[in-house]
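# Requesting a structural model of the entry that follows:
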Amino acid sequence: MQNKTILITGANSGLGRVSAETLAGQGAEVLLVCRSQDKARTARDEISAKTENPNLHAYSADLSSMDDVRRLSEHILNNHSRLDILMNNAGVLLGDRRETMDGYETTFATNHLAYFLLTRLLIDRLKKSTPARIINVSSMVHAWGTIDFDDIFMEKNYRSLPAYYQSKLANVMFTYALERRLQGTGVTVNCLHPGVVNTGFGREGSFIYKVSKAIARPIFYITPEKGAQTQIYLAESDDAEELTGKYFTKKKAGKSSKLSYSVENQERLWRLSEELCGLQHWGNQ
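Sure thing, here's the model as predicted:
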């Protein structure tokens, strides 16, 4: 990974932290994006000391805020002449309905719109750095989700887990729609299910979610080190260099949900996401 520049969101803990440490240990320049600057700097200093790699950079952003995502992208573009890999990893699972400063439901804004907007703002830099890769961390629970186009922010009937499922389905559909637009550019895009991972993720989830996790953890949950292997594989493997538009589990491409393959809904979600992010339309090839 020498001479590669990699941006990882949610890089201070869990899957993002393991990915950052592994790729920094292989000599990559890693841009660590965390919610607070203190967390970003602490992660940078700890990973740098552990890997003996001084080429790490700390950035902070509230990814639920469209303004913050734009500010982050400006910093990246101003400070880094290339971007080889964009790993959209950060996410939230909340126990109650919250709105962002933009008036958007927080789970959808953080888990999908942040992926969409950050990728769109950095896409030209990725194209100039080819071969380049985009990696979207989704989840197997996308298969339980639907996209409620009539109430995308769940104002009428909010439930925390369906909100999360919807956002993870959006990750997969975004990946497929983006792949069509990137054909022939030298930029690949894939999404993945990391496994059921024992991290601090979901600490703000509902009481039922927390109880269920506590019961299931000893039996079903895997370590962050194991969970991060698929996204690390998609970042570093020569075998994955030309793979694109796929859904991965355990480092192998597989099938996502039937609903995720609806091109009509992918394009409808794309247009809606552009409107919510204030972007000009980028049509399908």
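# alpha carbons only for contacts and neighbour counts from here, please
OK.
# And the helices in the stretch 151-285 of the chain?
Assigned by DSSP state H, counting those that start in this stretch, the stretch 151-285 of the chain shows helices spanning 160-181, 207-220, 224-227, 229-236, 263-277.
# how about the first one: buried residues?
I take that to be helix 160-181. Within helix 160-181, the residues that count as buried by 16 or more other CA atoms under 10 Å are 160-179.
# What of the last one?
Buried residues in helix 263-277, counting neighbours by 16+ other CA under 10 Å, are found at N265, Q266, E267, L269, W270, R271, S273, E274, C277.
# Point out the other helices and strands that it packs with.
On a contact count with 3 or more CA pairs under 8 Å, 6 or more residues apart in numbering; DSSP states H and E, helix 263-277 meets helix 160-181.
# which helices and strands does the helix it packs on pack with?
helix 106-108, strand 132-137, strand 187-193, helix 263-277.
# so can I have a markdown table of those showing distance to D84?
A markdown table is the format used below for those (distance: least, CA to CA, whole Å):
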| stretch | distance to D84 |
| --- | --- |
| helix 106-108 | 26 |
| strand 132-137 | 5 |
| strand 187-193 | 9 |
| helix 263-277 | 24 |
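# looking at these, which is closest to N12?
Taking CA to CA, strand 132-137 is the member of the helices and strands packed on helix 160-181 nearest to N12, at 15.6 Å.
# Reformat the helices and strands packed on helix 160-181 as CSV; add mean pLDDT.
Output for the helices and strands packed on helix 160-181, formatted as CSV (pLDDT from 0 to 100):
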stretch, mean pLDDT
helix 106-108, 98
strand 132-137, 98
strand 187-193, 98
helix 263-277, 98
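# And the residue nearest the centre of this protein?
A centroid search over the chain (CA atoms, centre = their mean) returns N88, at 2.5 Å, as the residue closest to the centre.
# Could you tell me what pLDDT the model assigned to it?
N88 carries a pLDDT value of 98.
# what about the nearest residue to it once chain neighbours are set aside, distance to R97?
Among residues not flanking N88 along the chain, N136 sits closest, at 4.9 Å (CA to CA, 6 or more residues apart in numbering). N136 is 24 Å from R97, where distance means CA to CA, to the nearest Å.
# cool, and E155?
9 Å.
# Phi and psi next, for C34.
phi -130, psi 170 (degrees, to the nearest 10).
# And the pLDDT at P54?
96.
# for it, helix, strand, or coil?
Counting by DSSP: H, G, I helix; E, B strand; the rest coil, the backbone at P54 sits in coil.
# What is the burial count for it?
Close neighbours of P54, defined as other CA atoms under 10 Å, add up to 15.
# Could you check how far the closest residue to Q280 other than its chain neighbours is from G254?
Leaving aside its sequence neighbours, Q280 sits nearest to E274 (CA to CA, 6+ apart; 6.7 Å). Distance, E274 to G254, using CA to CA: 28 Å.
# Now do the contacts for the residue nearest to the centre of the chain.
I8, T9, Y115, I134, I135, N136, V137 (CA atoms under 8 Å, 6 or more residues apart in numbering).
# Quick check: the fourth one touching Y115?
No: with contact defined as CA atoms under 8 Å, I134 and Y115 do not form a contacting pair (10.1 Å).
# So, low pLDDT: which residues of the stretch 51-200 of the chain?
In the predicted model, the stretch 51-200 of the chain carries pLDDT under 70 at residues 197-200.
# isn't L121 right up against R71?
No: contact criterion CA under 8 Å: L121 and R71 do not qualify, at 10.3 Å.
# higher neighbour count, these two?
Comparing L121 with R71 by other CA under 10 Å, the one with more neighbours is L121, at 17 against 14.
# SS state for that one?
With three-state DSSP as the basis, L121 sits in helix.
# That one - nearest residue in space that isn't next to it in sequence?
S73 (6.4 Å).
# and R71, what element?
Here R71, judged by DSSP states H and E, is contained in helix 66-79.
# And that helix, what's buried?
Neighbour-count burial for helix 66-79, counted by 16+ other CA under 10 Å, picks out M66, D68, V69, R70, L72, S73, I76.
# if we can go back for a sec, out of the helices of the stretch 151-285 of the chain, which gets nearest to Y59?
helix 229-236 (20.2 Å).
# The closest one vs strand 132-137, what angle?
170 degrees (axes from the mean of the first three to the mean of the last three CA atoms, to 10 degrees).
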